[in-house]
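Enquirer: Fold the following and give me the result.
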Amino acid sequence: MPYVPHTEDEVREMLATIGVNSVDDLFAEITEDMRPKSFDLPEGLSEMEVLSKLEAMATKNATDRVSFLGAGFYDHYIPAAVDALTMRGEFYTAYTPYQPEASQGTLQAIFEYQTAVTRLLGMEYANASVYDGGTALYEGLMMAVRKTKRRKIVVSEALNPIYRVMLDSYTSNLDVKLVTVPHKNGMTDIEGLKSAIDDDTAALLVQNPNFFGSINDFTELCATAKSKKAVSIISTYPVLQTLLKTPGEMGADIAVAEGQSLGLPLSFGGPYLGIMTCTKKMVRQMPGRMVGRTKDSEGRTGYVLTLQAREQHIRRQKATSNICSNQSLCALRALVHMCALGELGMKRAARVSIERAHVCAERLTAIDGVSMLTQGPFGNEFAISLPTNAFDAIAKLTARGFVPGFPLGRYYDGLENGLLVACTEKTSEEQIGIFAEMLKGALK
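Expert: Next comes the predicted model:
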């Protein structure tokens, strides 16, 4: 709807109602030196002119790139039903379901989302989501600190470095010690992590597949953490969880994920979805909202917020979490996406993504000077070593319409020649062939 500003008479009426004579009087307590000197706003335009201007700006975006970029965010196909259903006004304008009697549809949608993600990750409980995958990791970390009363956190360096930057930021002024165990040529150092876990450890943070795309079974590692009464936290990739051993099967206490791959477009970085799940013993530490299913006095099924209310989360330093809002619309998109694909569809998307990645790895490593950086099984993402700086190759190929991947040297010293390459079900074998030929030419 177009915005219609208030008339002068309406402004005078509102000012009179609150007992001031002018807008300047309303802000009189703000000193002159603290007021904005100018908003530097352009002259107003008509709706037609604004639309034309914005469309011209939008055409400057490069929307025709072929991308092999992943690093935690993936270009999966999104069924049309996801937009059609989640853009309905009943969902799109809903906010916080404080009154269950007026919010049964929203509450049921959240309950179904919780059910779906707990099944996907093999866990027992889920909340109504947090901001993103990195935030979910931090919240899991703090759950462990509250549960164990310890302050040492053991982190694998093969965990997404973007998340590790976030953890450093969130904990910089807290009495929490992050101990990072280096990766081994892109592989998670399981033995090193075992050695780092001791009686002072609150939590273990690992990722599967790890940032380099390598797949691990953390069952023994979780058992080691459990023997020291530390909390095991595994960050996952939801799409591949349809095929891989779940965090629950590995013995994790908390499993988190970035839900972007479940029906959320890349959209310049968000909004995304922090999936959080845990075991029953950790559920009292879970931040955010949880929806439960119950019966009313007449035996009818109903849905309510349970265990915690939002007010618990706004008590400053005593709060379980100071992130009060959830990403319920994004969670709804994830739910509709999973339901639209179904179990077979999700497994097919995962399987095709993995198959395309292996074809791509075979084509790229056939180029002189290109080799696999990691060894062992990988999913739909893998790391290769180039004979030259990866930034140079990325610049050359991106200029020609192909984004070849993520430069590992951005976060890992000594891996300036490392390139992280991702494929999804949208990646065609033709695109892989063109990519390989272009990279071969760029390395000459």
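
Enquirer: drop to CA atoms for contacts and neighbour counts, all remaining ones
Expert: Will do.

Enquirer: show me the biggest helix of this structure in terms of residues.
Expert: Longest helix in the chain, counting residues (DSSP state H): helix 328-365.

Enquirer: Show me what that helix is packed against.
Expert: On a contact count with 3 or more CA pairs under 8 Å, 6 or more residues apart in numbering; DSSP states H and E, helix 328-365 meets helix 80-86, helix 104-121, strand 371-372, strand 381-385, helix 429-442.

Enquirer: in the last one, what counts as buried?
Expert: By neighbour count on 16 or more other CA atoms under 10 Å, the buried set for helix 429-442 is 431, 432, 435, 436, 438, 439, 440.

Enquirer: how about the residues you listed in a markdown table, adding pLDDT and distance to residue 209?
Expert: Below are the buried residues of helix 429-442 laid out as a markdown table (pLDDT from 0 to 100; distance: CA to CA, whole Å):
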| residue | pLDDT | distance to residue 209 |
| --- | --- | --- |
| 431 | 98 | 24 |
| 432 | 98 | 22 |
| 435 | 98 | 24 |
| 436 | 98 | 24 |
| 438 | 97 | 28 |
| 439 | 97 | 25 |
| 440 | 97 | 28 |
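
Enquirer: strands paired with the longest strand anywhere in the chain, and their directions?
Expert: If you go by DSSP state E, the chain has its longest strand at strand 201-208. Partners of strand 201-208 in the sheet, by DSSP bridges, are strand 152-156 (parallel), strand 231-236 (parallel).

Enquirer: Lowest-scoring secondary structure element of the chain by mean pLDDT?
Expert: helix 89-92 (a mean of 81; mean pLDDT, DSSP states H and E).

Enquirer: chain center to that one: distance?
Expert: Centroid separation for helix 89-92 versus its chain: 23 Å, with CA atoms, centre = their mean, to the nearest Å.

Enquirer: Same question for stretch 122-136.
Expert: Computed by CA atoms, centre = their mean, the chain-centroid distance of stretch 122-136 equals 10 Å.

Enquirer: how long is that stretch end to end?
Expert: Distance across stretch 122-136, first residue to last, is 17 Å (CA to CA, to the nearest Å).

Enquirer: related to what we said a few turns ago, can you put the helices and strands packed on helix 328-365 in CSV and add distance to residue 266?
Expert: Output for the helices and strands packed on helix 328-365, formatted as CSV (distance: least, CA to CA, whole Å):
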stretch, distance to residue 266
helix 80-86, 14
helix 104-121, 20
strand 371-372, 27
strand 381-385, 17
helix 429-442, 20
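
Enquirer: pLDDT weak spots in this protein?
Expert: The chain contains residues with pLDDT under 70 at 1-4, 94-95, 308-316, 322, 324-326.

Enquirer: In a strand, residue 178, correct?
Expert: Yes: per DSSP: H, G, I helix; E, B strand; the rest coil, residue 178 lies within a strand segment.

Enquirer: Now the residue nearest to the spatial centre of the chain: closest residue in space that isn't a chain neighbour?
Expert: Nearest to the geometric centre of the chain sits residue 258, at 2.8 Å (CA atoms, centre = their mean). Leaving out its chain neighbours, the residue that sits closest to residue 258 by CA to CA, 6 or more residues apart in numbering is residue 133, at 3.9 Å.

Enquirer: That neighbour against residue 274, yeah?
Expert: Yes: counting by CA atoms under 8 Å, residue 274 is a contact partner of residue 133 at 4.5 Å.

Enquirer: Columns distance to residue 115 and mean neighbour count on top of the strands paired with strand 201-208, output as a markdown table?
Expert: Below are the strands paired with strand 201-208 laid out as a markdown table (distance: least, CA to CA, whole Å; neighbours: other CA atoms under 10 Å):
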| stretch | distance to residue 115 | mean neighbour count |
| --- | --- | --- |
| strand 152-156 | 29 | 24 |
| strand 231-236 | 17 | 27 |
